[in-house]
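Trainee: What follows is a predicted protein model with its sequence.
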Amino acid sequence: MMSFQRNLLALIALLSWLAVIAQFFISMEASTVDTVTQTVRFFSYFTILTNLMVAVYSTSLWLSPKRSIAVFFAKSTASTAVTLYILLVGLVYNLVLRGIWQPQGMARVVDETLHSIVPLLVLCHWWCIPDKGLLKWKDILGWLIYPFVYLIYTLAHGAISGFYPYPFVDVDALGLSKVLINSFIVGLAVVLMGVILIGIARFKAQKGFK
């Protein structure tokens, strides 16, 4: 692995782990519920789950590239999926959620790291990965599984606890039909980003870009 890619993976790993850990303590400090409930809520955010995915992805490729988990993540379908998911985090936050959440101080630094810095760094690393031309259009269907499972969990957990991590999936406030429409739009965004990433990968492969 080229030194630049390895250094970039190290940076992504360190930032994603530190940001998730810092956000955990920030959320605990601001919590008005018990520790167990807050912990469940914390890990109910797509942002947190996806940044954890990025942390495991980058750490394994950085420190243990020959282990089975790293071999899995090194596959073009897996690396592109991780890239797509963290880009979705950045896209939804910056287009939909930024205006309703304005953290200050260290909370803002952590927030920007989770939603902007890490997504951009992961995209940069993905761009540097060779041999992505093997991606197929049907791979997009597989990439929809994680967001779909997350939606099912969110709706089920919300129905039981009354907690919805994002306003656009708040069934109590919007109604189920509106939430499903919002979720469909997010799904379309996943498909569109998948098309764009595969298109870029194929273009680079055809032109011989490294």
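Mentor: On my side now, so go ahead.

Trainee: what about residue 193, neighbour count?
Mentor: 19 (other CB atoms under 10 Å). Using the backbone N, CA and C atoms, a C-beta is placed for each residue, glycine as well.

Trainee: Now do the contacts for it.
Mentor: With contacts defined as CB atoms under 8 Å, 6 or more residues apart in numbering, residue 193 is in contact with 84, 87, 88, 91.

Trainee: Repeat that for residue 97.
Mentor: 166, 167.

Trainee: Against residue 169, how distant is it?
Mentor: 12 Å (CB to CB, to the nearest Å).

Trainee: One more: residue 139?
Mentor: With CB to CB as the criterion, residue 139 and residue 169 are 26 Å apart.

Trainee: cool, residue 128 as well?
Mentor: From residue 128 to residue 169 the distance is 34 Å (CB to CB).

Trainee: Neighbour count for those two, which is higher?
Mentor: Between residue 128 and residue 169, counting by other CB under 10 Å, residue 169 is the more crowded of the two (21 against 12).

Trainee: ok, that one touching residue 178?
Mentor: No: taking contacts as CB atoms under 8 Å, residue 169 lies outside contact range of residue 178: 9.6 Å.

Trainee: Next one: the residue with the shortest distance to the centre of the chain from residue 172, what distance?
Mentor: Residue closest to the average C-alpha location in the chain (CA atoms, centre = their mean): residue 86, at 2.9 Å. To residue 172, residue 86 is 29 Å away according to CB to CB.
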